[in-house]
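Enquirer: no sequence for this one, just the structure:
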Ligand code: PMP
């Protein structure tokens, strides 16, 4: 629908004499002209060092970097202050920062960390490492199959989040099955026992309300590149309570208020968490990406992707030899949103992706950085199809035809 805003589609057609059917937005999103232009315009006209120079380019570059931070704060919710918004290199770094910080100041051998077994590796391995270092327990909320639909076992979650639980960290929307998890319930459980609640919004920030701090969460994380912005930039939004608790993650320039040969004092948030030269051009790209999202309306972006998802889902269910791994949302309804995983009973997932690519259809195949989840489903790899605002009904019909005809390759 908004395809013309994204130059890659026209360029791909010219280069390959075929339209691109891009069905991998859950991995990374394409970039609209507005983002590409904002970044190159800034590098052509206003680039300078942030927070370090008295010269005018440096002053305006610093202003633009801080304006991007304010824009992110507004994007999350009106009550978020810009000092609660920390720029990192991505969701992965945001989660590592949290896990390392909690490990340093909070976790003891008596504690428990709770995550789900359906998490992306970046919301699992940092917590496993924190548990190892602090010799505390890490417990997993299971994914269960209830009436043919996979979902997190919330009864088990209620038991696991108990008085010794210090951190609960879960994804808002799953990157493999596309389910929306019961974040409000996880926040409620965490609050009851005084645990910090972290929400991984990597898959939801572009299309959903992610102001979980309003409900009592302590951290929200996401990556700019899944929001039509650039790679190399992530966001970590901290509750005011956590700002005073978490130590810095990295040490170096910019994050200090004083340094002597005997040590250093940290500046306040957000600079305390942003050692080194910051991702300035990327922050300007994210600012433009948020402007683009809000000019179209998050709800409209979601509706568009979900409608394509629905039509893909009903077509897929009619194809023989395909096993769909359906998930249920927090409400108990089946996921009919924009991320779906399946396997072909005769063609391996990697071959499916390679064959579809020969028709210029881009899908993801593999373990989707979620090995424990893939093992739980009893498979070694899945094909994932995901939709973005640039996807069109022809993408759905082409991918369905491609899947229908896969068996012909075997003949
Ligand atoms: N969490 C989820 C749910 C994701 O989908 C991803 C990216 N696929 C990540 C975390 C990690 O994001 P990044 O690679 O941008 O750091």
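Expert: All right, it came through fine. Keep in mind that this is a model prediction, so the values were computed, not measured.
Enquirer: The stretch 101-250 of the chain: helices as residue ranges?
Expert: Secondary structure of the stretch 101-250 of the chain (DSSP state H, counting those that start in this stretch): helices at 125-134, 154-160, 183-193, 240-243.
Enquirer: In this protein, which residue is most central in space?
Expert: residue 202 (1.1 Å; C-alpha atoms, centre = their mean).
Enquirer: Now residue 71: closest residue in space that isn't a chain neighbour?
Expert: residue 287 (4.8 Å; C-beta to C-beta, 6 or more residues apart in numbering). The C-beta positions use only the backbone N, C-alpha and C, and glycine is treated the same way.
Enquirer: Dihedrals phi and psi, the residue nearest to the centre of the chain?
Expert: phi -50, psi -40 (degrees, to the nearest 10).
Enquirer: and residue 389, how many residues sit next to it?
Expert: Neighbours of residue 389 under the rule other C-beta atoms under 10 Å: 25.
Enquirer: Next up, the contacts around it.
Expert: Residue 389 makes contacts with 1, 2, 228, 296, 301, 304, 305, as judged by C-beta atoms under 8 Å, 6 or more residues apart in numbering.
Enquirer: do residue 88 as well
Expert: Per C-beta under 8 Å, 6+ apart, neighbours of residue 88: 94, 97, 233, 234, 235, 236, 273.
Enquirer: Just list whatever residues bridge to residue 324.
Expert: residue 342 (DSSP bridges).
Enquirer: Per-residue pLDDT of it, please?
Expert: We have a pLDDT of 94 for residue 324.
Enquirer: The ligand contacts on the protein?
Expert: 90-92, 120, 122-123, 171, 175, 200, 202-203, 223, 369 (C-beta under 6 Å from any ligand atom).
Enquirer: Greatest separation within these: which pair is it?
Expert: 90 and 171 (14.7 Å; C-beta to C-beta).
Enquirer: more crowded one of the two?
Expert: residue 171 (29 against 22).
Enquirer: Where does the prediction get shaky in the protein?
Expert: 330, 334-336, 410-411 (pLDDT under 70).
Enquirer: rewinding a little: quick one: name whatever helix or strand follows the strand or helix carrying the residue nearest to residue 71.
Expert: In the assignment (DSSP states H and E), residue 287 maps to helix 280-296. Next along the chain after helix 280-296, taking DSSP H and E as the criterion, comes helix 298-317.
Enquirer: For that next one, buried residues please.
Expert: 298, 301-302, 304-309, 311-313, 315-316 (16 or more other C-beta atoms under 10 Å).
Enquirer: Of these, which is the nearest to the ligand?
Expert: Of all those, residue 305 has the smallest distance to the ligand: 15.0 Å, by C-beta to the nearest ligand atom.
Enquirer: for the residue nearest to residue 71, what are its contacts?
Expert: With C-beta under 8 Å, 6+ apart, residue 287 has these contacts: 38, 64, 67, 68, 71, 72.
Enquirer: one step back: please identify which of the helices of the stretch 101-250 of the chain is closest to residue 54.
Expert: helix 240-243 (28.7 Å).
Enquirer: Does anything pack onto whichever helix or strand comes after that closest one? Which helices or strands?
Expert: Going down the chain from helix 240-243, the next helix or strand is strand 256-260, by DSSP H and E. Identification of packing neighbours for strand 256-260 by 3 or more C-beta pairs under 8 Å, 6 or more residues apart in numbering; DSSP states H and E yields strand 263-266.
Enquirer: Which elements pack onto the strand it packs on?
Expert: strand 256-260.
Enquirer: partners of the strand it packs on, with directions?
Expert: Assessed with DSSP bridges, strand 256-260 is paired to strand 263-266 (antiparallel).
Enquirer: The closest residue to residue 225 other than its chain neighbours: neighbouring residues, count only.
Expert: Ranked by C-beta to C-beta, 6+ apart and with sequence neighbours excluded, the top spatial neighbour of residue 225 is residue 231, at 4.4 Å. Per other C-beta under 10 Å, the neighbour tally for residue 231 reads 16.
Enquirer: is it true that residue 231 touches residue 28?
Expert: Yes. In terms of C-beta atoms under 8 Å, residue 231 counts as a neighbour of residue 28; the distance is 7.3 Å.
Enquirer: Quickly list what's touching both of those two.
Expert: Going by C-beta under 8 Å, 6+ apart, residues that sit against residue 231 and also against residue 28 are residue 225.
Enquirer: picking up where we left off before, and which of the contacts of residue 287 is nearest the ligand?
Expert: Distances from the ligand to the contacts of residue 287, taken by C-beta to the nearest ligand atom, are shortest for residue 72, at 15.5 Å.
Enquirer: what sits against the closest one?
Expert: Here residue 72 is in contact with 82, 85, 235, 237, 286, 287, 290 (C-beta under 8 Å, 6+ apart).
Enquirer: likewise residue 347?
Expert: 355, 406, 407, 409, 410.
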